[in-house]
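**Q** got a sequence here, can you build the structure:
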Amino acid sequence: MKELRREQDATTEIELKGISFKKARGWLLFAIGWLLSPLCWWNDLIFNLPVAYGFGYLCSLFSSSWMLPGTIVGYWFSNLIGILLMQAGAIDVFQSQERNLKKELFWGVVSSSIFTIVVVALIQLKVLDLPVDLLVRGQ
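**A** Next comes the predicted model:
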């Protein structure tokens, strides 16, 4: 079964000047993921906050008090999706062996959650400042 799958992948893989469709898709997923991820310093205003606000707005249709929590969850989801897209893209580009989607998804969620916990801990320990805190203090 695996050999049949590999043959199908090999026959359907398109080569265009040395770049396969799989690698081009991987680079595209990686780029979109980077734009949504917390690794891109300027992405929040252009990508993440509108996505988060839209998610919060959809949540507020059920209850008006869900706007802020929905926005926060939407922001976290947009960053999580960004990291998962980066991971999927990198695997397409750099890994040639069989993929395990459940395992990849699990480790992507775990690594994103650990990243979130570390950032929250650094904020709580006053190692990092929130931009709101900087604006309030006038620094």
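
**Q** spell out the secondary structure type for the residue nearest to the spatial centre of the chain.
**A** The centre of the chain sits closest to G82, judged by CA atoms, centre = their mean, with a distance of 1.4 Å. Three-state assignment for G82 (DSSP: H, G, I helix; E, B strand; the rest coil): helix.

**Q** tell me the pLDDT at it?
**A** G82 is assigned 88 on the pLDDT scale.

**Q** and the closest residue in space to it that isn't next to it in sequence, its phi and psi?
**A** Excluding its sequence neighbours, the residue lying closest to G82 (CB to CB, 6 or more residues apart in numbering) is L36, at 2.9 Å. Every C-beta, even on glycine, is put in place using the N, C-alpha and C of the backbone. Reported as degrees, to the nearest 10, the phi and psi values for L36 are phi -90, psi -20.

**Q** the one 3 residues further on now?
**A** Per-residue torsions, L39: phi -80, psi -20 (degrees, to the nearest 10).

**Q** ok, it to G74 distance?
**A** Distance, L39 to G74, by CB to CB, to the nearest Å: 19 Å.

**Q** and these two? Which one has more around it.
**A** Using other CB atoms under 10 Å as the criterion, L39 and G74 rank with G74 on top: 22 against 14.

**Q** where do the helices sit along the chain?
**A** Using DSSP state H, the helices of the chain run over 2-12, 21-36, 43, 49-60, 67-94, 101-124, 131-137.

**Q** how about residues contacting the third one?
**A** In this structure, residues lying in contact with helix 43 by CB atoms under 8 Å, 6 or more residues apart in numbering are 35-37, 82.

**Q** cool, and the fourth one?
**A** Here helix 49-60 makes contact (CB under 8 Å, 6+ apart) with 36, 66-75, 77-78.

**Q** what about burial for these, which qualify?
**A** Buried by 16 or more other CB atoms under 10 Å: 36, 66-67, 70-71, 74-75, 77-78, out of these.

**Q** circling back: Throw the contacts of helix 43 into a markdown table and include distance to V120, thanks.
**A** Putting those into a markdown table (distance: CB to CB, whole Å) gives the following:
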| residue | distance to V120 |
| --- | --- |
| L35 | 23 |
| L36 | 19 |
| S37 | 17 |
| G82 | 18 |
